[in-house]
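Novice: Based on what follows, work out the 3D shape:
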Amino acid sequence: MRDFKGMNKFVDEHFAKQTNHRFHALGCEMSPEMFGATRKANSERQRMGGTQPWSTQVDVAWVACLLRGGAIDSAKATTLFRGLNQIWDDNSGVSGEERLFKVFAGEMDLASTVNFGRTLQEPMTRMKLRDKLLDVFDDTFKLLNVVHKLAMENLETIMIGHTHMNHGQPITYAHFMISVFDGIFRSLEQLEMAYRFTNLNSGGCGSCSGTTWKVDRELMADLLGMDGVVEPTYDCEASQDHSMAIMFALSNMGIHLSRYSITHNIWALDELDMIRTHPSMCGVSSYMPQKCDSGSNYERVRIKAADVMGETVKSMLQLKSELHGDVLQAAQLPGYAIEAMIDSQESITLFTSMLNHTILQKDRMLKMVKAGYSCATEVATYLIQERGYGGRLAHSIVATMVRDARMQGLKSYQCTGAMLDDAAVFLDVNKPNIDTATLQICLDPEEFIKKHDQLGGTAPAENRRLLIKRQGWLDAAAQRHTIRKNKVKQSVEKLTDITKNAVFK
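Specialist: Numbers count the residues shown, from 1 in each chain. Modelled structure (predicted):
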C-alpha cells in the first residue's frame, strides 16, 4: 500500500491555504522539495544582492590597518569602530561612508575615513563569493554522502550497463554510483581550487597601482580570514578569473548532474520500471489524475544545471576581447558566479532528494539483465581461452548466435550449445562443442559480476574496497571544509569583537 503521508503533509502546509487558482494549479505540478528549493533560492538571491555584512567587515579591517599603520589615531579608530558596530547589517547606500555619515550626524570628514585609499568592492565581493561557496560545499557533501550510502547498500544489486543506449555488460548499482561519486568529487576538488583563488585579499589595490597609505595588506588578509594576498595590485580588479574558476567547476558539476538525472529519469519510465520514486517527491498533474510525476524534479535538476552553464558562457562571452583592466565586464563576474552558485544549489539539493527517495526495483533490474545478452563477451572469452579460437573469430561466432537467437525471439537463458555450434557451421568453421550448461554459466550475470574482481571491476568486494577508499577521500575533504569554515567564523568573531569593544591592538 502506498504511503501518501509525505505528500499530504506538503499539500496541507503549502497549498491548502492558497486561494489563487493559478498558483494552486501550478503548485500541484511541484513536489515539496522542488517548491522548497525554489523558495530558498529566491531568498538567497535577495540576501546575496545586498552588501552586508561583508562591506562592514572590510571597513572594520581597513580601519584596523589604518590604525596599525599610523594613518589615524586610536581615538578616531575607536569612534569609527563604534559607528561600524551600529551599521553592521545596514544594507542602505553603496559604501560604509554613506552609512556612517548618518551615524555621525553628517560628519563627512570622519565618515569618509573608511574609504581612504581604497576601492569599494575589493575584497568585499570575494567575501560574498567565499560565503556562498561554503554553502555550496555543504550541499555537495550532503550529496556525496547520499551517493556513497546508496552505493554501499547496493553492492550486489545487479543491473544492465549501457553502451550507446544498448545493453553493454552487467554492472551493479553500486558500480554505477561509484562513477557518480567520482564525478561529483572531481567537481568538489575543482571548487576547492576555486576557493583558494577566491579567498585572497585584493584590498589595498587602489584602482590598479596600490596606495600610499600605510596599510599592511597581509594583516588585512589575516583579519578577514583569507589565505593570502593578490600581490600584483593591477591584477586585483583586472582579472576576476576567480569568479570564472567557480563557474567552471560548477559547470562541470552541472554537466554531471544533468547526465545522472536523465539516466535516472529514463530508468523511472513505466516501460522500464527499474526505479520508482516515493510519492512524497512526486507532483500531481493539474489535468491527468493518473500521473505521479517524479520526472519534473529530474527536469528541474537539468534546468538549473543548464542555468549554471548559461551564466558561465555569458561570462566568457562578455569578458572575451575586453581590455585587461578595471572594466565593468570584469566587475560583473562575481555577481554571475553568485547566481550560478544559487542555481547549482537548487540542482544539487533536488538531485540529492530524488536519490533519497529512490526505490530500486531489484528483481526487475536483474530480470532485464538475465533476459538480455550483455554477458556475451564471456562466451567469446571462453572460446578463446578454452577452445583456442582467435579473438575475432570467437567474436563472430558469438555474434552470429546472438543474432539468430534474437530472430527467434529467445532470451539469453534460452540459448543452447547447439545454437553456438550452428553459428560456427554458418561461418564454416569448427564447432565449439560447448554443452548448454557451460554456455549458460558464461551467460549468467551473477557469475559475471563475481568474476570481474580486478581493479575497478564491478565485483562487490572490489566495489566495497573502492568505497572504503572514497570514504577516506570524503573524510579528508570534510576536514578541509571544516578548517575553511572555522577560519571564516573566527575572522567574523574577531571583527565583531573589535567593533563591540571599539579597540584593536
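
Novice: confidence score at residue 254?
Specialist: Residue 254 carries a pLDDT value of 97.

Novice: Just give me the neighbour total for it.
Specialist: 28 (other Cβ atoms under 10 Å). Yep, even glycine has a C-beta here, placed from its N, CA and C like the rest.

Novice: Without its sequence neighbours, what residue ends up closest to it?
Specialist: Distance criterion Cβ to Cβ, 6 or more residues apart in numbering; nearest residue to residue 254, sequence neighbours excluded, is residue 305 at 3.5 Å.

Novice: so who does the closest residue to residue 298 other than its chain neighbours touch?
Specialist: Computed as Cβ to Cβ, 6+ apart, the closest residue to residue 298 that is not its neighbour in sequence is residue 265, at 4.0 Å. By Cβ atoms under 8 Å, 6 or more residues apart in numbering, the contact list for residue 265 reads 295, 298-299.

Novice: 10 Å instead?
Specialist: 275, 294-299, 301-302, 354 (Cβ atoms under 10 Å, 6 or more residues apart in numbering).

Novice: Where does it fall, secondary structure wise?
Specialist: Secondary structure from DSSP states H and E places residue 265 in helix 241-267.

Novice: can you check residue 167 too?
Specialist: strand 166-172.

Novice: Report the next helix or strand after that strand in sequence order.
Specialist: helix 173-198.

Novice: Tell me where the model's unsure across this structure.
Specialist: The chain contains residues with pLDDT under 70 at 1-35, 287, 292-293.

Novice: tell me the domain ranges of it?
Specialist: Following the assignment in automatic domain parsing, the chain carries domains at 54-116, 139-362, 376-443.

Novice: Could you pull up phi and psi at residue 358?
Specialist: Per-residue torsions, residue 358: phi -90, psi 130 (degrees, to the nearest 10).

Novice: Now do the same contact list for it.
Specialist: Applying Cβ under 10 Å, 6+ apart, the residues near residue 358 are 146, 150, 173, 264, 267-268, 275-278, 281, 294.

Novice: list the contacts for the closest residue to residue 155 other than its chain neighbours?
Specialist: Spatially, and ignoring its direct neighbours in sequence, residue 155 is nearest to residue 460 (4.0 Å; Cβ to Cβ, 6+ apart). By Cβ under 10 Å, 6+ apart, the contact set of residue 460 is 154-158, 172, 174-175, 449-450, 453.

Novice: Tell me the buried residues in stretch 278-291?
Specialist: Buried residues in stretch 278-291, counted by 16 or more other Cβ atoms under 10 Å: 278-284.

Novice: Same check on stretch 166-180?
Specialist: Those would be 167, 169-178, 180, for stretch 166-180 by 16+ other Cβ under 10 Å.

Novice: from what I can see residue 243 touches residue 132, true?
Specialist: No: taking contacts as Cβ atoms under 10 Å, residue 243 lies outside contact range of residue 132: 11.3 Å.

Novice: which neighbours do the two share?
Specialist: With Cβ under 10 Å, 6+ apart, residue 243 and residue 132 have common neighbours 198, 334, 337-338, 340.

Novice: that older thread, against residue 61, how distant is the residue nearest to residue 155?
Specialist: 54 Å (Cβ to Cβ, to the nearest Å).

Novice: What angle do helix 173-198 and the top helix by length along the chain make with each other?
Specialist: The residue-count maximum for a helix in the chain (DSSP state H) belongs to helix 460-501. Angle, helix 460-501 to helix 173-198, by axes from the mean of the first three to the mean of the last three Cα atoms, to 10 degrees: 30 degrees.

Novice: what is the orientation angle of helix 460-501 with strand 166-172?
Specialist: Going by the same axes, to 10 degrees, helix 460-501 makes 80 degrees with strand 166-172.

Novice: list the buried ones in stretch 81-98?
Specialist: Quick answer for stretch 81-98 (16+ other Cβ under 10 Å): 81, 83-85, 87-88, 90, 95-98.

Novice: Equivalent analysis for stretch 188-204, please.
Specialist: In stretch 188-204, counting by 16+ other Cβ under 10 Å, buried: 188, 190-192, 194-195, 197-204.

Novice: before we move on, what SS does residue 441 have?
Specialist: Residue 441 falls in the helix class when you classify it by DSSP: H, G, I helix; E, B strand; the rest coil.
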